[in-house]
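Enquirer: could you look at this predicted model? Sequence included:
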Amino acid sequence: MSFSDRETNKVYYSEFFKLRFPGIFETSKVNLESNGIKVETIGGNQNIWIRDWSPCQVGDHFVRFGYKGYGEAENPYADFPWLIVPDHCFEDFKPLVKSSIVLDGGGIIREREKAVITEKVFLDNREIPKEKVVEALEKVLESEIIIIPVEPEDTLGHADGICKFVDSNTLLINDYSSMFPKSPDHKVYNEKLHEALKSTGLKLEYMPYAYEGCVWDEEDEFYRKYPFSDDQNPGYGYYINFLLTKTTIIAPVFGIKKDVKAIETLKRLYPKHSVVAVNCTDLSYEGGLTNCTSWNIKE
């Protein structure tokens with residue numbers, strides 16, 4: 001059975017996210033509910049990145065992938081104990097099918113019978129041959145799997161920082177050109193990404209990208225400001241990481257000039273949606289944005 005973010009009418013947030021970022025939560029909640037989208041929270045943990053640990057909706061059931069919390073497989077939560085998510089957080093989502101594949105929810109971008117996933121899934125499941133990983137994903141997600149490369153220096157390998165479907169034939173991807181002058185690696189990556197997508201037949205649209213404006217502090221100062229950051233892997237400038245529902249888009253902005261172009265792009269590509277801009281600068285330095293901190297389903 002097909003799935004699309006554009007069909008979803010209910011959004012969940014972590015209760016801890018509501019407590020830590022009340023402004024973003026309340027703005028999102030008010031605008032979602034005023035446009036007919038239900039909003040609820042899930043408690044019982046300190047992990048605000050609900051997209052990563054929540055199950056994946058497939059038709060009339062949910063699939064729970066392995067989630068290791070970004071640490072090493074042998075002791076995944078040693079450095080980030082707040083990422084632990086107890087089993088009771090999943091009690092309300094049935095039927096729930098467990099998959100042995102390790103894959104964060106942010107690593108999946110879906111539209112109907114297509115799913116985009118980065119090559120990080122092979123690293124996280126290195127004991128399984130690559131073709132078997134793809135076969136298992138195709139079966140459990142009931143989708144064609146499109147594999148794309150991981151961004152330079154990205155330790156998470158999440159596809160939701162790279163692309164988002166506009167519709168079944170159109171994929172919105174980052175415009176990395178602003179990084180080319182000072183990052184040859186991004187230029188090479190851009191070429192690899194386009195090569196990976198060339199055979200899919202998808203039409204590509206481009207989202208502004210402002211990671212070049214990310215401000216880097218010394219490590220001690222960074223963690224003093226953002227003690228809950230799981231890694232020095234900011235989401236600053238990743239406009240692509242927006243929440244898309246049936247009626248409403250919650251779009252991250254950063255108080256910079258590119259915000260205007262980003263919002264204009266969303267309004268052009270999703271003309272039937274209400275586009276709500278929310279300043280997420282502080283949130284971005286903890287490692288994610290409005291897609292990472294939400295989980296949307298179709299009731």
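Expert: Received the coordinates, thanks.

Enquirer: neighbours around residue 161, how many?
Expert: By other C-beta atoms under 10 Å, 27 other residues sit near residue 161. Bear in mind the C-beta positions are built from the backbone N, C-alpha and C, glycine included.

Enquirer: ditto for residue 36
Expert: When neighbours are counted by other C-beta under 10 Å, residue 36 comes out with 11.

Enquirer: wait, it touches residue 9, no?
Expert: Yes: in this structure residue 36 lies within contact range of residue 9 using C-beta atoms under 8 Å: 6.9 Å.

Enquirer: list the residues that contact both of the two?
Expert: 246, 247 (C-beta atoms under 8 Å, 6 or more residues apart in numbering).

Enquirer: chain center to the lowest-mean-pLDDT helix or strand in the chain, what's the gap?
Expert: Here the helix or strand of the chain ranked lowest by mean pLDDT, DSSP states H and E is helix 219-225, holding a mean of 79. Helix 219-225 has its C-alpha centroid displaced from the chain centroid by 24 Å (C-alpha atoms, centre = their mean, to the nearest Å).

Enquirer: next one: stretch 184-199
Expert: Centroid separation for stretch 184-199 versus its chain: 20 Å, with C-alpha atoms, centre = their mean.

Enquirer: which residues sit against it?
Expert: Stretch 184-199 has contacts (C-beta under 8 Å, 6+ apart) with 146-149, 151-153, 162, 171, 173, 176-177, 179-180, 204.

Enquirer: select only the buried ones of these in ChimeraX?
Expert: To isolate the buried ones among the contacts of stretch 184-199 in ChimeraX, judged by 16 or more other C-beta atoms under 10 Å, type:
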select :146,147,148,149,151,162,171,173,176,179
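
Enquirer: buried residues of the biggest helix by length in the chain, list them for me.
Expert: Longest helix in the chain by number of residues, with DSSP state H as the criterion: helix 184-198. Neighbour counts over helix 184-198 (16+ other C-beta under 10 Å) mark 186, 189, 190, 193, 196, 197 as buried.

Enquirer: that older thread, between the contacts of stretch 184-199, which is nearest residue 121?
Expert: Nearest to residue 121 among these: residue 147, at 7.9 Å, using C-beta to C-beta.

Enquirer: can you confirm the closest one is in a strand?
Expert: Yes: applying DSSP: H, G, I helix; E, B strand; the rest coil, one finds residue 147 inside a strand.

Enquirer: contacts only, for it.
Expert: So residue 147 contacts 117, 118, 119, 121, 134, 196 (C-beta under 8 Å, 6+ apart).

Enquirer: how far does stretch 254-262 stretch from start to finish?
Expert: 11 Å (C-alpha to C-alpha, to the nearest Å).

Enquirer: do stretch 278-286 as well
Expert: End-to-end distance for stretch 278-286: 16 Å, by C-alpha to C-alpha.

Enquirer: stretch 292-299 too?
Expert: End-to-end distance for stretch 292-299, by C-alpha to C-alpha: 20 Å.

Enquirer: returning to what we had before: save the contacts of residue 147 as CSV, and put in pLDDT, distance to residue 298 and secondary structure too.
Expert: As requested, those are arranged in CSV below (pLDDT from 0 to 100; distance: C-beta to C-beta, whole Å; DSSP: H, G, I helix; E, B strand; the rest coil):
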residue, pLDDT, distance to residue 298, secondary structure
117, 98, 20, strand
118, 97, 24, strand
119, 97, 29, coil
121, 96, 24, helix
134, 98, 25, helix
196, 98, 28, helix
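
Enquirer: which among those end up buried?
Expert: In the contacts of residue 147, burial by neighbour count holds for 117, 118, 121, 134, 196, counting by 16+ other C-beta under 10 Å.

Enquirer: so what's the third one closest to, chain neighbours aside?
Expert: Right, the one you point to is residue 121. Once flanking residues are discounted, residue 121 sits nearest to residue 103: 5.5 Å by C-beta to C-beta, 6 or more residues apart in numbering.

Enquirer: mind checking how far the nearest residue to residue 67 once chain neighbours are set aside is from residue 297?
Expert: Once flanking residues are discounted, residue 67 sits nearest to residue 53: 5.0 Å by C-beta to C-beta, 6+ apart. Distance, residue 53 to residue 297, using C-beta to C-beta, to the nearest Å: 14 Å.
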